[in-house]
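Engineer: Give me a 3D structure for the following:
(2 chains)
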Amino acid sequence: MPTSHRVHPLPGGARLVLESMPERHSTSVVLMFAGGSRLEDDRLGGVSHFIEHLYFKGTRRRPSSKEIADAIEGVGGFINASTDKELTAYWARVPSEHMGLGLDVLFDIVANSKLDPEDVEKERMVILDELRMYQDQQQELVQNLFEELVWPGHPLGRDIAGTEASVSRLTRDDILEYADAHYRLPNMVVGAAGSLDVEETIDLVARGLSLHADADGAGSAAAPLPLESPRVLVRRRDTEQAHVCLGARALSYMDPDRYALDLLNTVLGEGMSSRLFLNIRERLGLAYDVHSFTQKHRDTGYIGMYIGVEPKKASDAVNAAIAELRGLGETEVSNEELTRAKEFTKGRLRLELETTNGVAFWLTYQQLLLGAIKTIDEELALVDAVSAEDVQRVAKQVLSGPLQMAVVGPFPRDSAFRLAIGA
Amino acid sequence: MAGRAAAERIRRAIALVNSVADEAGDEEITPTEIAEAIRDCLELGEVDDVPNVRRYLGEALDAVSDGMPADFVAMTLYAALGALREGSH
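Structural biologist: A predicted model of the protein is given here:
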C-alpha cells in the first residue's frame, strides 16, 4: 500500500512521480501522455490508438516487435500500452533490478519508433479487424452507441480506435505529424513504483528524455455541448439477448462530488449486493447481467446502466432499472447501505493498489490529469466524508438531465424504449 | 396490487402472444384474437391509474396491426405489466 510518494520535476516540463515500495520484488514504470482520442477531429479519428499500436512494431535499436517483446519478456517482465480518451500510457513491469531496462525500452519506443510505411499498412488492417470485432461484440457495441448518444458529434462519443472510414484514410504523414505534436515532454508524466532507489531512478529517467521539450500548442479539447432531450438509438440485430445501455450525463473527475457519485454508483449497480442486482436479477428475475458504471473526464462524465436481457423482457427491465435510479433521488440511502458502499469502494481501491503497476498508474494518472496527488489516506477520508444527503443530491442532479438509451437486439422499432425515457 | 384485473388481462394477452412466438399452441392464434385481447385490457379504466400502461398497450396494439413480430408485441405487453407492478409500489 503506497504511503509516501515523491513528485520530481524533469527537464523540458516533464514530471516524475515515484513511490518506493521496498518490500516488493517488482518495479513498474509508466510513460503517460496527455491526449488520447478526445483531441482528434473526425478526420484523425483513431490516430492516437494507431500510434500506440505502431510504437510496438520496431525502433532503430530494436527493429521488430519481437525484439521489443524479447527485451522485456527475456527478464520475465510485462510490457503493454493503452489508449484512452484523455491519455495514452506505455508501461512495463519488471523484476526490480531490471527497472533500467524497462525505462530504456519504453523511452526507445516513444522516441525512436521507425513507423515503417509497410508496418503502417499492416497495422491498419489489424485495427480495421479490431473495429469489426467490436461490431460483433454486442456488449461493447451497445456501450459505444450509448457514448455516441451521451456526447453526440463530439470526439468523446467516438470509439477510441476511430471509425473504419477514418482509420482507412489516415496517412503515414498524419501519424507522424500527430505523434510529433503530442509526444512532447510537457505532455508527459513518468511514473515508477516498486523496489527502487529514488536517486538512481531520477537519474535513469532524466537520461532517457529525448522527446521535444517545447509544447507544440496542439489544440485543447473543447467541452461537449449540453444535451437537450432524451434520445433512444436501437441497432437491430438478430441476437438471442437484448443489450441495453442507458444513463445520463454526470460528473467530471474534477468535481468534488465525484466521491458521492461513486457511492451512488456502488449502491445502484456495483456487485451482487447492489440494488440493480438484487431487484432486477434476484427479485424480478428479469436479467442475468445488470450493473452500473461511471465514466469521468475533465469537464464531463456519465453514469450508465447495462442490462443483458431476454428481448421480450427488455422494456420491462429498462423501466425497472430507471425506477431504481429514480429511487436514489427520491429517498436517502440507509446508513447500512451507505456504509456497505463505502467499505466496497475503499476496499476495491486498496486492492487495486496492491500491485506496483496499480500504484504507478494511480499516481501517474492523478499527476497528469488532476495536477496533484492525493494519498490513499486522503482519498479514503473523502469517501468516508460522503453523507446520504450528498448521494441523494447527486442523484437528483444526474436525474435532472435527459436520459439516453442505446439498445442492440431484435427490435423492429424503438417506440417502447422511447416511452420508457420520455423520448 | 393496483390494477389486479388489468394485470390479469395483460397476462392473458401475453400468453396468447407467447404461444404464437413459441409456436406452442395446438390451434393457430390469429392477430385479430391478440388485438381483441389487448382491447380487452384497454377497456378497463384502471389502466389509466398508472402512468404509461395505456400507452404501452396502445403501442402493442399498433405493433399487432403493423404485423410486428410476436416477441416485439410481447415485450411491449411485458412493459405494460411491469408499469402496473411499479405503479403498485
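Engineer: SS state for the residue nearest the centre of chain B?
Structural biologist: In chain B, the C-alpha closest to the average C-alpha coordinate belongs to B:Leu77, at a distance of 3.8 Å (Cα atoms, centre = their mean). Put simply, B:Leu77 is helix when judged by DSSP: H, G, I helix; E, B strand; the rest coil.
Engineer: Repeat that for A:Phe277.
Structural biologist: A:Phe277 is classified as helix under three-state DSSP.
Engineer: residues in contact with it?
Structural biologist: A:269, A:271, A:290-291 (Cβ atoms under 8 Å, 6 or more residues apart in numbering or on different chains). The way it works is simple: take the backbone N, C-alpha and C, and place the C-beta from them, glycine included.
Engineer: Quick check, the residue in the stretch 101-250 of chain A closest to chain B?
Structural biologist: With Cβ to the nearest Cβ as the measure, A:Ala242 is the residue of the stretch 101-250 of chain A nearest to chain B, at 8.4 Å.
Engineer: Now do the contacts for that residue.
Structural biologist: Each residue near A:Ala242 by Cβ under 8 Å, 6+ apart is listed here: A:307-311, A:314, A:407-411.
Engineer: Equivalent analysis for A:Val167, please.
Structural biologist: A:45-46, A:50, A:124, A:127-128, A:131, A:161.
Engineer: and if we set it to 6 Å?
Structural biologist: For A:Val167, the contact set (Cβ atoms under 6 Å, 6 or more residues apart in numbering or on different chains) comprises A:46, A:127-128.
Engineer: Look at it and give its secondary structure.
Structural biologist: Under three-state DSSP, A:Val167 falls in the helix class.
Engineer: Quick one: list the elements packing against the helix or strand harbouring B:Asp71.
Structural biologist: Assigned by DSSP states H and E, B:Asp71 belongs to helix B:70-87. Counting contacts by 3 or more Cβ pairs under 6 Å, 6 or more residues apart in numbering or on different chains; DSSP states H and E, helix B:70-87 packs against helix A:314-330, helix B:4-21, helix B:53-65.
Engineer: One more pass at 10 Å, please.
Structural biologist: helix A:314-330, strand A:404-409, helix A:415-421, helix B:4-21, helix B:31-42, helix B:53-65 (3 or more Cβ pairs under 10 Å, 6 or more residues apart in numbering or on different chains; DSSP states H and E).
Engineer: Verify the contact between A:Ile373 and A:Val359 for me.
Structural biologist: No. Using Cβ atoms under 10 Å, A:Ile373 is not in contact with A:Val359; the gap is 11.1 Å.
Engineer: Between these two, point out the one with more neighbours.
Structural biologist: Per other Cβ atoms under 10 Å in any protein chain shown, whichever of A:Ile373 and A:Val359 has more neighbours is A:Val359, with 25 against 19.
Engineer: Pretty sure the more buried one sits against A:Leu196.
Structural biologist: No. A:Val359 lies out of contact with A:Leu196 (Cβ under 10 Å); the separation is 11.4 Å.
Engineer: joint contacts of the two?
Structural biologist: When contacts are counted by Cβ atoms under 10 Å, 6 or more residues apart in numbering or on different chains, A:Val359 and A:Leu196 are jointly contacted by A:19, A:21, A:24, A:28.
Engineer: Per the annotation, how does chain A divide into domains?
Structural biologist: A:6-208, A:231-421 (automatic domain parsing).
Engineer: Let me have these in CSV, extended by distance to B:Val73 and mean pLDDT.
Structural biologist: Shown next, in CSV, are those (distance: least, Cβ to Cβ, whole Å; pLDDT from 0 to 100):
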stretch, distance to B:Val73, mean pLDDT
domain A:6-208, 23, 96
domain A:231-421, 9, 96
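Engineer: Who are the contact partners of the nearest residue to A:His291 once chain neighbours are set aside?
Structural biologist: Closest residue to A:His291 apart from its sequence neighbours, by Cβ to Cβ, 6 or more residues apart in numbering or on different chains: A:Gly269 at 4.5 Å. Residues near A:Gly269 by Cβ under 10 Å, 6+ apart: A:275-277, A:280, A:290-294, A:303-307, A:321, A:324-325.
Engineer: what about A:Gly269, distance to A:Ser315?
Structural biologist: In this view, A:Gly269 and A:Ser315 are 19 Å apart by Cβ to Cβ, to the nearest Å.
Engineer: my guess is A:Asn335 meets A:Ala388, correct?
Structural biologist: Yes. A:Asn335 lies in contact with A:Ala388 (Cβ under 10 Å); the separation is 7.0 Å.
Engineer: Please say which of these two ends up with more neighbours.
Structural biologist: Set side by side, A:Asn335 and A:Ala388 show more neighbours around A:Ala388, with 17 against 10, by other Cβ under 10 Å.
Engineer: now that one, nearest residue through space, not along the chain?
Structural biologist: A:Ala388 sits nearest to A:Glu332 (Cβ to Cβ, 6+ apart), 4.1 Å away.
Engineer: What of B:Arg55?
Structural biologist: That would be A:Leu419: by Cβ to Cβ, 6+ apart, it lies 5.7 Å from B:Arg55.
Engineer: quick one: contacts for that neighbour?
Structural biologist: A:232, A:315, A:318-319, B:52, B:55-56, B:58-59, B:76, B:79-80, B:83.
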